[in-house]
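Novice: From the sequence below, what's the structure:
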Amino acid sequence: MQIVLDNLLLGTIIKAISSIFAAALPSFTAFYLGNRLIKKQKLQRDLKVALNDIQYLLAVEQYHCHEHKLVSDQSKKQMIRDSVAIETSLTWSGKFTPSRIARYPADESLFEIMAKITGRKPQS
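Specialist: Purely as a prediction, here's the structure:
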(Lines give C-alpha, C1' and ligand atoms only; values in the text may rest on other atoms or scores of the structure.)
Protein backbone atom coordinates (compact mmCIF):
# COMPACT_ATOMS: atom_id res chain seq x y z
CA MET A 1 0.00 0.00 0.00
CA GLN A 2 2.89 2.35 0.82
CA ILE A 3 4.42 1.96 -2.66
CA VAL A 4 1.12 2.65 -4.42
CA LEU A 5 0.54 5.75 -2.30
CA ASP A 6 4.06 6.98 -2.99
CA ASN A 7 3.57 6.49 -6.74
CA LEU A 8 0.25 8.32 -6.66
CA LEU A 9 1.77 11.14 -4.63
CA LEU A 10 4.75 11.36 -6.99
CA GLY A 11 2.43 11.43 -10.02
CA THR A 12 0.35 14.19 -8.45
CA ILE A 13 3.44 16.24 -7.60
CA ILE A 14 4.73 15.87 -11.16
CA LYS A 15 1.35 16.98 -12.56
CA ALA A 16 1.30 19.99 -10.24
CA ILE A 17 4.83 21.05 -11.19
CA SER A 18 4.11 20.62 -14.91
CA SER A 19 0.96 22.74 -14.53
CA ILE A 20 2.97 25.47 -12.87
CA PHE A 21 5.58 25.37 -15.64
CA ALA A 22 2.85 25.30 -18.30
CA ALA A 23 1.42 28.51 -16.86
CA ALA A 24 4.72 30.23 -16.03
CA LEU A 25 6.69 29.59 -19.22
CA PRO A 26 4.41 31.56 -21.58
CA SER A 27 4.22 34.38 -19.04
CA PHE A 28 7.99 34.65 -18.77
CA THR A 29 8.33 34.43 -22.55
CA ALA A 30 5.77 37.21 -23.06
CA PHE A 31 7.50 39.33 -20.41
CA TYR A 32 10.91 38.86 -22.04
CA LEU A 33 9.69 39.56 -25.58
CA GLY A 34 7.65 42.54 -24.37
CA ASN A 35 10.70 44.06 -22.71
CA ARG A 36 12.75 43.58 -25.87
CA LEU A 37 10.05 45.28 -27.94
CA ILE A 38 9.80 48.19 -25.50
CA LYS A 39 13.60 48.61 -25.51
CA LYS A 40 13.68 48.48 -29.30
CA GLN A 41 10.96 51.13 -29.55
CA LYS A 42 12.80 53.33 -27.04
CA LEU A 43 16.01 52.99 -29.06
CA GLN A 44 14.12 53.95 -32.22
CA ARG A 45 12.68 57.05 -30.50
CA ASP A 46 16.13 57.96 -29.16
CA LEU A 47 17.66 57.57 -32.62
CA LYS A 48 15.04 59.87 -34.13
CA VAL A 49 15.74 62.46 -31.44
CA ALA A 50 19.50 62.14 -32.01
CA LEU A 51 19.13 62.51 -35.79
CA ASN A 52 16.95 65.58 -35.24
CA ASP A 53 19.55 67.02 -32.86
CA ILE A 54 22.28 66.44 -35.43
CA GLN A 55 20.21 68.20 -38.09
CA TYR A 56 19.70 71.10 -35.72
CA LEU A 57 23.39 71.38 -34.86
CA LEU A 58 24.36 71.23 -38.53
CA ALA A 59 21.88 74.04 -39.23
CA VAL A 60 23.37 76.07 -36.37
CA GLU A 61 26.82 75.49 -37.88
CA GLN A 62 25.55 76.61 -41.28
CA TYR A 63 24.09 79.83 -39.87
CA HIS A 64 27.23 80.44 -37.83
CA CYS A 65 29.42 79.99 -40.90
CA HIS A 66 27.16 82.34 -42.84
CA GLU A 67 27.63 85.01 -40.16
CA HIS A 68 31.42 84.53 -40.30
CA LYS A 69 31.30 84.90 -44.07
CA LEU A 70 29.40 88.18 -43.80
CA VAL A 71 31.91 89.57 -41.31
CA SER A 72 35.22 88.22 -42.60
CA ASP A 73 34.51 86.92 -46.14
CA GLN A 74 35.36 83.37 -44.94
CA SER A 75 33.07 80.77 -43.38
CA LYS A 76 35.87 79.35 -41.20
CA LYS A 77 33.94 76.07 -40.99
CA GLN A 78 36.96 73.81 -41.35
CA MET A 79 39.08 75.96 -39.04
CA ILE A 80 36.43 75.72 -36.31
CA ARG A 81 36.07 71.95 -36.82
CA ASP A 82 39.83 71.52 -36.62
CA SER A 83 39.97 73.61 -33.44
CA VAL A 84 37.22 71.54 -31.85
CA ALA A 85 39.04 68.33 -32.79
CA ILE A 86 42.28 69.56 -31.26
CA GLU A 87 40.82 71.04 -28.08
CA THR A 88 38.21 68.40 -27.23
CA SER A 89 39.44 65.23 -28.98
CA LEU A 90 36.03 64.98 -30.66
CA THR A 91 36.00 64.25 -34.38
CA TRP A 92 33.37 64.48 -37.09
CA SER A 93 32.68 61.09 -38.66
CA GLY A 94 30.76 62.51 -41.60
CA LYS A 95 28.24 59.65 -41.43
CA PHE A 96 25.34 61.89 -40.47
CA THR A 97 25.24 64.63 -43.08
CA PRO A 98 21.88 66.27 -43.80
CA SER A 99 21.45 64.25 -46.99
CA ARG A 100 22.18 60.96 -45.21
CA ILE A 101 19.81 61.80 -42.37
CA ALA A 102 17.06 62.53 -44.91
CA ARG A 103 17.48 59.03 -46.36
CA TYR A 104 16.38 57.37 -43.12
CA PRO A 105 12.59 57.14 -43.26
CA ALA A 106 10.69 57.39 -39.99
CA ASP A 107 9.10 53.95 -40.37
CA GLU A 108 12.39 52.15 -40.88
CA SER A 109 13.50 49.99 -37.97
CA LEU A 110 16.47 50.93 -35.84
CA PHE A 111 18.33 47.79 -36.86
CA GLU A 112 17.91 48.53 -40.57
CA ILE A 113 19.15 52.08 -40.04
CA MET A 114 22.18 50.92 -38.05
CA ALA A 115 22.90 48.28 -40.70
CA LYS A 116 23.02 51.00 -43.35
CA ILE A 117 25.27 53.18 -41.21
CA THR A 118 27.71 50.42 -40.33
CA GLY A 119 27.48 48.51 -43.60
CA ARG A 120 26.52 45.29 -41.81
CA LYS A 121 23.53 43.03 -42.31
CA PRO A 122 20.60 43.73 -39.97
CA GLN A 123 20.04 41.29 -37.15
CA SER A 124 16.92 39.17 -37.43
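Novice: Give me the distance between Arg36 and Lys48.
Specialist: Applying C-beta to C-beta, to the nearest Å, the value for Arg36 to Lys48 is 19 Å. The C-beta positions use only the backbone N, C-alpha and C, and glycine is treated the same way.
Novice: contacting residues for Gly11?
Specialist: If you count contacts by C-beta atoms under 8 Å, 6 or more residues apart in numbering, Gly11 has none.
Novice: For it, what is the enclosing helix or strand?
Specialist: helix 2-72 (DSSP states H and E).
Novice: and the helix or strand following that helix with helix 2-72, angle?
Specialist: Going down the chain from helix 2-72, the next helix or strand is helix 77-88, by DSSP H and E. Taking axes from the mean of the first three to the mean of the last three C-alpha atoms, to 10 degrees, helix 77-88 and helix 2-72 form an angle of 130 degrees between their directions.
Novice: Next secondary structure after helix 77-88?
Specialist: Criterion used, DSSP H and E; the element after helix 77-88 is helix 98-102.
Novice: Tell me which residues of that next one come out buried.
Specialist: By neighbour count on 16 or more other C-beta atoms under 10 Å, the buried set for helix 98-102 is empty.
Novice: Least confident secondary structure element in this protein?
Specialist: Sorted by mean pLDDT, DSSP states H and E, the helices and strands of the chain end with helix 110-118, the least confident at a mean of 62.
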